[in-house]
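J.: Predicted model and sequence follow; I will ask about them next.
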Amino acid sequence: MDNTINDKSPNASPLSRSETTTDTVTISDAGLSAERKLQQMAHKYDPTNMSYSELTRMSSELQLNGLITSQEGLAMRAPPSRDFDPDEKYDTVALARKSVAFDQSLSAAQSKDATLRTSVLDILETLQGR
């Protein structure tokens, strides 16, 4: 399967406007498969309105499909509060943003845990934006 994208654009040089350049980008089958899996997950889950039970299922699916690491899966499954109803819906993206902002306020953004929380936020925002 050929996954090549050709982009022909006019050369920027004012001396030779008739010339074109060709940029080629090849996307691997694994990359296309990961993109398809992310699209499917995004249609299945709404990270801005999901329960902890749904979040747990989603993170397990992401991990099983090789889209996140086991460490990211654990960080994603951090409980939203001390006493919570696992079936109550909440905005996981907003909660992840608060966690990252808190890390930054403590100048702890470089710690391993903070890096994982930032990664989780990126994943949730990616799913939200699809």
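T.: Good, I have the coordinates.
J.: host element of residue 59?
T.: helix 52-64 (DSSP states H and E).
J.: which is the next helix or strand following that helix?
T.: helix 70-76.
J.: buried sites along that next one?
T.: Buried residues in helix 70-76, counted by 16 or more other Cβ atoms under 10 Å: 72-73, 75-76. Heads up, the C-betas are built off the backbone N, CA and C, glycines and all.
J.: Can you tell me how far the nearest residue in space to residue 66 that is not next to it in sequence is from residue 63?
T.: Setting aside the residues directly before and after it, residue 66 is nearest to residue 34 in space (Cβ to Cβ, 6 or more residues apart in numbering), at 7.4 Å. Separation of residue 34 from residue 63 (Cβ to Cβ, to the nearest Å): 13 Å.
J.: For this structure, which segments count as strands?
T.: With DSSP state E, the ranges of strands along the chain come out as 4-10, 20-26, 50-51, 89-90.
J.: Which of those comes out lowest on mean pLDDT?
T.: Mean pLDDT values for the strands of the chain show the minimum at strand 4-10, a mean of 51.
J.: and residue 34 and residue 63? which has more neighbours close in?
T.: Set residue 34 next to residue 63 and count neighbours by other Cβ atoms under 10 Å: residue 63 wins out with 18 against 15.
J.: Quick one, grab the pLDDT at the residue nearest to that one when sequence neighbours are not counted.
T.: Nearest residue to residue 63, sequence neighbours excluded (Cβ to Cβ, 6+ apart): residue 73, at 4.2 Å. With respect to pLDDT, residue 73 scores 96.
J.: residues in contact with residue 73?
T.: 59-60, 62-63 (Cβ atoms under 8 Å, 6 or more residues apart in numbering).
J.: For residue 23, see how far away it is.
T.: Look at residue 73 and residue 23: by Cβ to Cβ, they are 36 Å apart.
J.: for residue 102, same thing?
T.: Residue 102 is 42 Å from residue 23, by Cβ to Cβ.
J.: Fine by me, we can end here.
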